[in-house]
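K.L.:
Give me a model of this one.
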Amino acid sequence: HVEEIDSAGANDVDLNNYTLNTNTAVLKTVSVHVVPDTGVADNEINVSSAVDFSGQNINLILVTDTITVSAGLDIDNAADYNTLTIRPFSNNQDIVLGSDVAGKLGITDAEADFLAADGLVIGASNSGDVTVSMAGGGTFAPDPAKVTDFTVISGKAISDDGDGNTDVLADLNAAGTLTL
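P.N.:
Predicted coordinates for the structure are as follows:
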């Protein structure tokens, strides 16, 4: 099932406003797309209060050029291996891990810590550059107690921001895998 949402008029998509009703015995894929609207500043997916889809047995794909996560997003279901994918809507859209940067799909380390899934995938083969940019240097990683496997995908380069500080992608404390 694909849900395409046109966020015209500066309306963002808040996942708190959605209820999923799937058959939990069978793993389903749910995709939410935010279609950018020219001239509108936002067009983003928001998680402003806790969203618990863990009882739904889904793989969730969020397709957006901007995301804000300020509360938990949980799709981890014990019945199957569940994957949360966050990927840009626009081709060649750059991704920044560790910072919010205007005009790029930015996911801060704090936002990543709110995500719970067996697998977390950020990016896609049509994504632009992926840059790790932690203020003052540091490690970008989802919470290893909430995410087992972490994958970063880029159609271009994956690199440090070059600010002179060492920025790294963590290996989830060897509890899972990091795939680039």
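K.L.:
low-scoring pLDDT stretches of this protein, where are they?
P.N.:
1-12, 18-25, 35-43, 137, 162-180 (pLDDT under 70).
K.L.:
residue closest to the middle of it?
P.N.:
In the chain, the residue lying closest to the centroid (C-alpha atoms, centre = their mean) is Ile86, at 3.3 Å.
K.L.:
what is that one paired to in the beta sheet?
P.N.:
Per DSSP bridges, the residues bridged to Ile86 are Leu62, Ile122.
K.L.:
Likewise for Asp52?
P.N.:
Following DSSP bridges, Asp52 is listed with bridge partners Asp74.
K.L.:
doesn't Asp74 make contact with it?
P.N.:
Yes - if you go by C-beta atoms under 8 Å, Asp52 and Asp74 touch, sitting 5.0 Å apart. C-beta coordinates here come from the backbone N, C-alpha and C atoms, glycine included.
K.L.:
Look at those two and report which has more neighbours.
P.N.:
Asp74 (18 against 12; other C-beta atoms under 10 Å).
K.L.:
From Ser99, how far off is the more buried one?
P.N.:
24 Å (C-beta to C-beta, to the nearest Å).
K.L.:
Can you get me a residue count around Ala110?
P.N.:
The number of residues near Ala110, taken as other C-beta under 10 Å, comes to 10.
K.L.:
actually Ala124, sorry about that
P.N.:
19.
K.L.:
wait, isn't it in contact with Ile153?
P.N.:
Yes - Ala124 is within contact range of Ile153, at 5.6 Å (criterion: C-beta under 8 Å).
K.L.:
can you list residues touching both of those two?
P.N.:
Arg87 (C-beta atoms under 8 Å, 6 or more residues apart in numbering).
K.L.:
that's a helix at Glu111, yeah?
P.N.:
Yes - per DSSP: H, G, I helix; E, B strand; the rest coil, Glu111 lies within a helix segment.
K.L.:
what about it, distance to Gly55?
P.N.:
Shown here: Glu111 relative to Gly55, a distance of 23 Å by C-beta to C-beta.
K.L.:
Compare those two (neighbour count), which wins?
P.N.:
When Glu111 and Gly55 are compared for neighbours, Glu111 comes out ahead with 21 against 13, by other C-beta under 10 Å.
K.L.:
ok, Ser159 - contacts?
P.N.:
Ser159 touches Asp129, Val130, Thr131, Val132, counting by C-beta under 8 Å, 6+ apart.
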